[in-house]
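J.: Sequence and predicted structure, then a few things I'm wondering about:
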Amino acid sequence: MHGQRGFTLATLLFLLFLAGLAAMIAFKTVPTYIDHYVVQKSLENILAEGTNRTAYELRQTFEARLNVNSIYSIKASDLQISRDQGRLTLSVPISSKKPLVHGISISVDLVATASVPLQ
C-alpha cells in the first residue's frame with residue numbers, strides 16, 4: 001500500500017508565510033539597491049567627463065544627475081571628494097531604514113564609490 005503524499009495545509013500556509021516575508025523584505029530593500037546602482041553609474045559618468053573640475057562643479061553636476069534620476073533621498077552635500085595618491089575618488093554613503101512590522105525595521109547601508117587617476 002502506498003501512503004498519501006503531498007503538502008499538508010499547515011505546510012502550505014508556512015511556505016506562503018515565508019514567501020510573503022521574503023516579498024515584503026524585497027519590496028523594502030530593492031529601491032535602496034536601485035538608488036545605489038544609479039548613484040554608482042552617475043559617479044562613474046561624472047569622472048568619465050574629466051577630472052579637472054573643482055569640488056563645487058563636481059557637486060553641481062552630481063546634484064543635476066540626482067534630479068534627472070529622481071533621487072531625492074541623497075543630497076549633493078553627501079558627495080565626498082578625495083584627491084589622494086594621484087587619484088580622484090568620489091563616494092556617497094547611502095543609508096535606508098524601513099519599518100517592517102511593529103517595531104521591527106530593516107536597515108541597509110551602502111557606499112557608492114568611483115575612482116580614476118588624476119590627469
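T.: Right, received. Where do you want to start?
J.: ok now whichever strand or helix holds D109, how far from the chain's centre?
T.: Using DSSP states H and E, D109 sits in strand 104-117. Offset of strand 104-117 from its chain centre (Cα atoms, centre = their mean, to the nearest Å): 6 Å.
J.: List the neighbouring strands of that strand plus their orientation.
T.: Next to strand 104-117 in the sheet, as set by DSSP bridges, lie strand 87-101 (antiparallel).
J.: ok, and what's touching the strand holding D109?
T.: 25, 28-29, 32-33, 36, 39-40, 43-44, 46-48, 51, 86-100 (Cβ atoms under 8 Å, 6 or more residues apart in numbering). The C-beta positions use only the backbone N, C-alpha and C, and glycine is treated the same way.
J.: mind listing what's buried in that strand?
T.: 108, 110, 112-114 (16 or more other Cβ atoms under 10 Å).
J.: Closest to T61 out of these?
T.: Proximity of those to T61, judged by Cβ to Cβ, is greatest for A114, which lies at 12.7 Å.
J.: Give me the nearest residue to the closest one, chain neighbours excluded.
T.: Nearest residue to A114, sequence neighbours excluded (Cβ to Cβ, 6 or more residues apart in numbering): L43, at 3.7 Å.
J.: Surely the one you found is within a helix?
T.: Yes. According to DSSP: H, G, I helix; E, B strand; the rest coil, L43 belongs to a helix.
J.: Can you give me every residue that contacts it?
T.: By Cβ under 8 Å, 6+ apart, L43 lies in contact with 62, 90-92, 112-114.
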